[in-house]
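Asker: what follows is a predicted protein model with its sequence.
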Amino acid sequence: SLTLPAPSNPPRRGPAMTPKPSPSPTSPAPTPVVPRGNLLANASLESSLAPWSTWHGTVRRSPADDAPDGRRVARVRFDGVGTAFSLGHLGRRVAAARAGVALQAQAHVRAGSSRAVGKPLAIYVRETTPSGRLVQRVRGSIVRLGAEFVPLRATLTPRSRHNRVDVLLVQRRAAAGDVFLADALSLTRGS
């Protein structure tokens, strides 16, 4: 059984970065990867890591030419403790939960090291009470990490409007040298 992190890790911060230049007037506008109405702060980690944090790992912002949104991604490295590690918007009220209104989480991930290729990574959405008691946890799609960014999705319907909702990316079967990259993280209303 996988034990997920407690929702209280402090965010780790990184240096500021200038945004990606706009497309030229003759080129078509790119399709947005982060959906309109995103409830997560700093979805593409362009200027800092706040409010993202890790469990059994370390995170830093890293340039990536293939970033799905912008020029920077989260680079998450396993710290050698246990057999899983994560990146999450942990313990923060990322959405004003509305009972019965579905929330759709999405992220784009890929292997960040050769050792991580083929390892399973899943997206989770959790609902907790204001005191931190788990109400429900939904595991969405699971991928085997590879050389290209792929989307992950999960949907959770909150049970109470007073609860907190957070999003986690969890890599299992972790071993020394495992790194995954993540970008364009979002949480939107509707499924």
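Answerer: Great, that's in hand. Numbering: from 1, shown residues only.
Asker: tell me what Val167 is bridged to.
Answerer: When assigned by DSSP bridges, Val167 has beta-bridge partners Val125.
Asker: surely it touches Tyr124?
Answerer: Yes: Val167 is in contact with Tyr124 according to Cβ atoms under 8 Å; the separation is 7.2 Å. Any C-beta I mention is one placed from the backbone N, CA and C, and that applies to glycine too.
Asker: quickly list what's touching both of the two.
Answerer: Counting by Cβ atoms under 8 Å, 6 or more residues apart in numbering, the residues touching both Val167 and Tyr124 are Ala154.
Asker: between these two, point out the one with more neighbours.
Answerer: Val167 (28 against 21; other Cβ atoms under 10 Å).
Asker: distance of Ala50 from Ala147?
Answerer: Distance, Ala50 to Ala147, using Cβ to Cβ, to the nearest Å: 29 Å.
Asker: return the residues in contact with the nearest residue to Ala154 once chain neighbours are set aside.
Answerer: Leaving aside its sequence neighbours, Ala154 sits nearest to Gly140 (Cβ to Cβ, 6 or more residues apart in numbering; 2.4 Å). Neighbour list for Gly140: 105, 122-125, 152-155 [criterion: Cβ under 8 Å, 6+ apart].
Asker: what about those residues, which are in strands?
Answerer: Among these, the members found in strands (DSSP state E) are 105, 122-125, 152-155.
Asker: so among those residues, which ones count as buried?
Answerer: Buried members of those, scored by 16 or more other Cβ atoms under 10 Å, are 105, 122-125, 152, 154.
Asker: which of the residues you listed lies closest to Ala175?
Answerer: Nearest to Ala175 among those is Ala122, at 17.2 Å by Cβ to Cβ.
Asker: I'd guessed that closest one sits against Ile142; true?
Answerer: Yes: using Cβ under 8 Å, Ala122 is in contact with Ile142, at 4.3 Å.
Asker: and the strands in the chain?
Answerer: 53-55, 57-63, 72-78, 84-88, 103-111, 120-128, 134-144, 150-156, 164-172, 179-189.
Asker: let me know which of those is the nearest to Leu39.
Answerer: Per Cβ to Cβ, nearest to Leu39 of these: strand 179-189, 4.6 Å.
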